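>>> sequence and predicted structure are below.
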Amino acid sequence: MAKTVDFDLLKKIDNVDLSKRNKQWKKAMKAAGWRVSADRERWTVKSWRETEGEDIQIRRAKLLKCVLENIEINIHPFDEIVGRPTPWVIGCQTAIDVCGDYIPGIWEEAGSIDATLDASVNMSKEDVEILRESARLFGSTSLPAMTYKAWEALVGSWAKDAEAAKLKDPSLDSAITGQSTSVLSWKKLLKVGLNGYTNECRRHIEAYKAAGGTDIDKIYFWQSAIIVLQAVIDHAHRYADLAEAMASAEKDDRQKAHLLKIAETCRHVPANPARNMREALQSMQFCNLAKMLENPIQNNCHWGRADQYLYEFFKNDLENGVPLEELSSMLADLIGRWGTQTFISSSTQKESHQINFGINNLMVGGLGQNGEDCSNELSYLFLHLVASLQLSSPTVGLRWNKKTPYWMMKKAMETNLATKGGIPLFENDEVIISSFVRDGIPFEEAVEWVGLGCVYPCLPSRAEHYGAEGVAAFNLAGVLHLTLHNGMDINGKQSGLKTGDPREFKSFEELYAAFLKQHKHLSHRIFWLGGVARDMGHKYLRLPLLSILGIEASMELGQDLLKPHPDYSMFGISDRGIIDVADSLTSIKKLVYDEKTISMDELLEILDSDFAGDRGEEIRQLCLRAPKYGNDIPEADSMVKRISEDSAAIIKSYDNSLFRNFMISREGLAWHYYGGLGAGALPNGRKAYEPLNDGSLSPMRGMDKCGPTAVLRSACNVCFNKVAYVSVLNQKFSSSTLASDDSINKLIAYTNVYMNNGGSHIQYNILDSKQLKDAKERPENYSDLIVRIGGFSAYFVQLSPEIQDDVIYRSEFSL
Amino acid sequence: MKACRFDAILPGSGYRIDRDKCTSCGECVNSCYYGALVRYGREKTSEEVFEEVLKDKMFYDYSGGGVTVSGGEPLLYPEFVFELFSLCKKSGINTCIETCGFVSPSAFELVFPVTDYFYFDLKLINPTLHMKCTGCNNELIHKNARYIVQRGANVLFRQPLIPQCNDTDDNIRETAKFISGFGRDIALELMPFHRAGKTKYEALDMTYPTKDLKPMTEEQIMAVRDKYLNYGVSCSISK
């Protein structure tokens, strides 16, 4: 039986406000500028020079030790949980030793760093010089640099050409090690403490020596783990010392007591098992912080299933009389800290991700080992706090299943309304678990999956050699571009095969066969190069801390996770742009081959001119009027299904042994913008370089004209769940549609129906008045937006300007 | 313009349609690639409409919801409604009619057995005022209301709340009395006047008749609702 929930506690949670400390933090955070520190690079360079000649595993461990011993630390007056990568409220360290010479702008005379999408950070001349020094030391031998050299040896300039044409995902430089694991092993970590890990390493060393083992790499691995684990404990003790020093100078008695409490906590964890919520969260923060300082591109502070592994601490603390407000304050502090962790990415990463906050994930609810839903009061509190904090991160995923209780769904919709940003999104537990099981993962392991990035399902037990990031993701819209241009990419390079001039094709099937040929050529080559990157990674980089805390099997194996083990690694792939390609092929089939309205020659010419001139616009309108996915039209939907299945078959046909096959996860991120840069005008009516469709199952912008239920029917018709673990569907509603309990219940029903019929993910964008104003200005981007007007719903863009103003006015007051 | 065989498209900026000449053949819409002209409404058989309804069955099955026929006035075509609803009932889909009530009693008799819900308009109780504001007598409306209530239908009375027209104390009192008179708890939903219809009038080249009428404020609407509540009528406001 599922356990019963304490409804009185839920009611109390509904009334919890952010604490004074939380509010002080928010204010400081909003006022704080983005800062970039050169502090870490100073110590990486120093350590790397000192350890020359030692084994790389030990060198990397000593590098982290040197950073943790020396990096500047600070405690802010509002901190519940201490520890930040820089002394500032918002700031990040850089990762030149890992990523190479990746930071945009460091060689420019003025030394201004493009820290965010729209802002530069002025660093002092001395600091820029530190970054340059690090780039000189690590630049040419970093893992990404060495990988490009290997690829060059195999395929010449092809890899870089394909990246430039946006055919594959961008920038090895900041992505290759970005997501090599999902979440740390929080449960074990809180249970045994870092001393527990250290003792285990010592036992392994003794046993291995006693058995006469001859692989020195294993010994080095365990030794490296012992070095970094102790360094993390010592780092915590530096904070304890600082808190004590600050306490002795503190005049305010309450703050003094608070600082002493912090000191006591930092003395105990992360060295030892956590005994309560404060110690658990503080322990987690030190480990995540050290993980980030080992590799600042690993900026993703993933919670994983926090409502599960923290639940005992939560219940015990409440029983022991810790006020709910105090627990909320600590949790909100850490949610906020992790949600505002910035990083510096390379320029191509910026194009593809459009963010500078680390994407960190939190899962709530979902099935447990006993097959029952395990939503609890802490899941509810997490949702409540995320709504109160109003941040764009963490990405909260609700693991939807048929047993998800109503109170959880209701709170989830209220949270959506409060955050307006698709928080939480809904992922189908049953589809994802059964996908893992279908691919041979035992249920007990599969049931612990967590969403990573935006939705990608990961197993915390395995290292993720995330194909979809930097190494092996590809752009189907780009593949179509190649097909229509006999293998020539958007930059005019022959990146694809010569599959023939489409003007010579006698039937649609010939064109389609050419598309599949291009697809196989591109994807299999990307997988191959990805495999090369996978096998060589450990020669140039090691991540001892991430290995020991991230993948439990590393301990037993005595092996860094950059040396992937077939039993403990996974490879994801995202075949992106399916809807754009399908709608385009539907148009071509109808206009060129079936109805012969235009010739292929004319179509190609018009596409290459980007629909220029009157005739161009006329043809574009014909293209737009061809059947589109998202309206429950069999002709359009069956094309999507066909491409989905054929694409999956091509991916599955790649022989990835000794490792697992690629698992397909059709996710979104902001990739549609990046992917759009790799395709000229398309026969679905989209102009050159414009963004592709968002998500992977969302209809073409403005082309779903039969209402939101038709979108879901189309999404079910194409059966992505048969081949992909998860596929992203984004839906837009205005906040007026969620104004009453009644309408919240309708949205719950809408969600439940989709999931019950095989939907794997859905996410709602709740538009506020600012976005409605934008919709009024730019109706072409919002033609599917539905608003609620006294008693009925209407398409926003079809209303007259005064009425649109009415709706905008009301949306400002509906909260 | 060339596409129109009846010369109904007027030259000049905006290309208006001469509604006297237009036969609604739709050729102009078919030949306009740019989507500048849109055809609203299509002729369909009850089977064709049912097919459309059936597509959303997965939603009805989950929510218990179904199909609502609305207007215009659907009961001007009672046979069509009867055919459509009969098909719905066979598939277990919930049915609902939105009606102004000003139709032949035989229409209600025909559709009653296949209708789960009636949304029934009560605009004004006073016959003289009703005649003045709507142009018709409300005796037939009241008769039909009595008929469906007495046969035990699920009814929701709805009142489009028009400022200075039916929000008067007299009408509120009379409406409350009319509803209480049935001796059954029947709810009333207020639909406050809004101006969303303006867009449609403009699209159809019609003059918007209430362009000077301002929507009521939230407070005014609540005041009307409270008066109904004081009379013991379960009254809510449409969202």
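Perfect, thanks for sending it.

>>> ok, which stretches of the stretch 201-350 of chain A are strands?
Counting by DSSP state E, counting those that start in this stretch, the stretch 201-350 of chain A has no strands at all.

>>> and for the closest residue to chain B within it, nearest residue in space, chain neighbours not counted?
Per Cβ to the nearest Cβ, residue A:307 is where the stretch 201-350 of chain A lies closest to chain B, at 26.5 Å. (Glycine included, C-beta is placed from N, CA and C.) With sequence-adjacent residues excluded and distances taken as Cβ to Cβ, 6 or more residues apart in numbering or on different chains, residue A:307 is closest to residue A:379, at 3.9 Å.

>>> around residue A:595, how many other residues sit close by?
11 (other Cβ atoms under 10 Å in any protein chain shown).

>>> same thing with residue B:141?
What residue B:141 shows, counting by other Cβ under 10 Å, is a neighbour count of 23.

>>> from residue B:176, how far off is it?
17 Å (Cβ to Cβ, to the nearest Å).

>>> residue A:225 too?
79 Å.

>>> likewise for residue A:651?
As judged by Cβ to Cβ, residue A:651 and residue B:176 stand 68 Å apart.

>>> got it, and residue A:475?
Residue A:475 is 65 Å from residue B:176, by Cβ to Cβ.

>>> neighbour count: these two, which is higher?
Per other Cβ under 10 Å, whichever of residue A:475 and residue B:176 has more neighbours is residue A:475, with 30 against 20.

>>> quick one, phi psi at that one?
phi -110, psi 110 (degrees, to the nearest 10).

>>> helices and strands around the longest strand along chain B, which ones?
Counting residues, the longest strand found in chain B (DSSP state E) is strand B:154-161. If you count contacts as 3 or more Cβ pairs under 8 Å, 6 or more residues apart in numbering or on different chains; DSSP states H and E, strand B:154-161 packs onto strand B:117-121, helix B:139-150, strand B:187-192.

>>> flag every residue of chain B that's near chain A.
By Cβ under 8 Å from any Cβ of the partner chain, the residues of chain B that approach chain A are B:33-35, B:55-56, B:58-59, B:62-63, B:191-192, B:194-196, B:198-199, B:202, B:238-239.

>>> which among those count as buried?
Buried subset of the residues of chain B next to chain A (neighbour count, 16 or more other Cβ atoms under 10 Å in any protein chain shown): B:56, B:58, B:59, B:62, B:63, B:191, B:192, B:194, B:195, B:196, B:198, B:199.

>>> dump those residues into JSON lines; add distance to residue B:221 as well.
Formatted as JSON lines, these follow (distance: Cβ to Cβ, whole Å):
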{"residue": "B:56", "distance to residue B:221": "32"}
{"residue": "B:58", "distance to residue B:221": "36"}
{"residue": "B:59", "distance to residue B:221": "31"}
{"residue": "B:62", "distance to residue B:221": "32"}
{"residue": "B:63", "distance to residue B:221": "28"}
{"residue": "B:191", "distance to residue B:221": "10"}
{"residue": "B:192", "distance to residue B:221": "5"}
{"residue": "B:194", "distance to residue B:221": "11"}
{"residue": "B:195", "distance to residue B:221": "15"}
{"residue": "B:196", "distance to residue B:221": "16"}
{"residue": "B:198", "distance to residue B:221": "20"}
{"residue": "B:199", "distance to residue B:221": "22"}
